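**Q** using only what follows, build the 3D model:
(one chain, ligands or ions: 1)
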Amino acid sequence: MKPGDWRIRPTKMHVYQALSDAVNLHIASGSPYRVPKELEEKLGGATSPAVYGHLPYNLFMTRIVQLCGPKTCVELGTYYGVGARHLAAGDPRTRVYTVDFDPACGQRIPPGWENITFIRSDTLRAVHLVPDPIELLFIDAEHTFEAVMAEFAAYSSRLADPSLVLFDDLYHNASIAEVWKVLGLDGFVSPTLHYTGFGVGFVGNWENGKPHAVVSYGEYKQLVVDRYAARRKELAGEGE
Ligand SMILES: C[S@@+](CC[C@H](N)C(=O)[O-])C[C@H]1O[C@@H](n2cnc3c(N)ncnc32)[C@H](O)[C@@H]1O
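**A** Got it, this is the predicted structure:
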């Protein structure tokens, strides 16, 4: 396992901070979930609230990249490139490799996303098409026990120390739910980040970190408090 290249060495506390920020942003953006304005612009219509509106995991991914700046992220399963764009939006210095066997996915990522590389391939064949070490791996392609186990096995030797492995849809069906049990990773499965079960696995040596203010007051106010106030005003206006 090669040492990870994070802009700031991540601790579990950073991950919990990203999680709580994502939940706060989700609440602050109102219901149904709306992408924060600055991201909306950057994502260029990548998020359709009707389809993606309930997925705070996207905000979590942006936030952990913002906080800790992993050098290399790999996403297995591109689809509309929503996950890839949320990762890439966190830090322009982070490079995101997103893999999908459907060529249409590459066209769905508009120009301007310099730090995203689309790889048209089967996930398992792409193992050696991405550089290592991988600081953040997001597994979100075929939702079966066999596929996810095979992907984890294939990519695990290329993970950085420490690295974060994210899994979407761990409770999508009974078969995939076994993955978390069998892998026995340190981490948690969050129904808040995605109601289908979003897994966050800590691989390598993770420090717990101290509960300090990762986010400054100014940043927090801008991220959450002001947006919440604006949304409340908007809702009050709607009620008139
Ligand atoms: C759930 S979507 C990915 C969503 C995306 N990660 C996001 O968060 O916005 C799953 C994608 O995985 C792709 N896929 C499924 N099995 C695959 C495989 N074996 N190799 C490559 N892509 C695969 C599908 O074509 C589909 O686009």
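**Q** for the protein, what helix or strand is lowest in average pLDDT?
**A** helix 49-52 (a mean of 40; mean pLDDT, DSSP states H and E).
**Q** how far away from the center of its chain is the helix or strand following it?
**A** Using DSSP states H and E, the helix or strand that follows helix 49-52 towards the C-terminus is helix 57-68. With Cα atoms, centre = their mean, to the nearest Å as the basis, helix 57-68 stands 6 Å off its chain's centre.
**Q** outside of helix 57-68, which residues touch it?
**A** Residues from elsewhere that reach helix 57-68 (Cβ atoms under 8 Å, 6 or more residues apart in numbering): 6-10, 14-15, 17-19, 21-22, 25-26, 36, 39, 47, 52, 70, 73, 82-83, 86-91, 94, 136, 138, 164, 166, 168, 190, 193-194, 198, 214. Any C-beta I mention is one placed from the backbone N, CA and C, and that applies to glycine too.
**Q** can you show me the CA trace of stretch 171-186 as CSV?
**A** Below are the C-alpha coordinates for stretch 171-186, written out as CSV (Å, rounded to 0.1, in the frame of the first residue of the first chain):
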residue,chain,number,x,y,z
TYR,A,171,-29.1,-2.1,0.9
HIS,A,172,-30.4,-2.2,-2.6
ASN,A,173,-31.1,-5.9,-2.3
ALA,A,174,-30.4,-8.7,0.0
SER,A,175,-27.5,-10.0,-2.0
ILE,A,176,-25.5,-6.8,-2.0
ALA,A,177,-26.2,-6.2,1.7
GLU,A,178,-23.9,-9.2,2.3
VAL,A,179,-21.0,-7.2,0.9
TRP,A,180,-20.6,-5.0,4.0
LYS,A,181,-20.8,-8.0,6.3
VAL,A,182,-18.3,-10.1,4.4
LEU,A,183,-15.8,-7.2,3.9
GLY,A,184,-15.9,-6.3,7.6
LEU,A,185,-14.4,-2.9,6.9
ASP,A,186,-14.0,-0.3,9.6
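**Q** what comes up buried for that stretch?
**A** Of all the residues in stretch 171-186, those buried under the rule 16 or more other Cβ atoms under 10 Å are 171, 176, 179-180, 183, 185.
**Q** how about the residues of this protein near the ligand?
**A** Residues of the chain lying near the ligand by Cβ under 6 Å from any ligand atom: 75, 77-80, 82-83, 99-102, 105, 122-123, 140-142.
**Q** restricted to helices, list those.
**A** Judged by DSSP state H, the subset of the residues of the chain next to the ligand located in helices is 82-83, 105.
**Q** for the residues you listed, which one is nearest residue 235?
**A** residue 82 (25.6 Å; Cβ to Cβ).
**Q** next, the buried residues of stretch 90-102.
**A** Buried residues in stretch 90-102, counted by 16+ other Cβ under 10 Å: 90-91, 94-101.
**Q** then stretch 3-13?
**A** Those would be 4, 6-7, 10-13, for stretch 3-13 by 16+ other Cβ under 10 Å.
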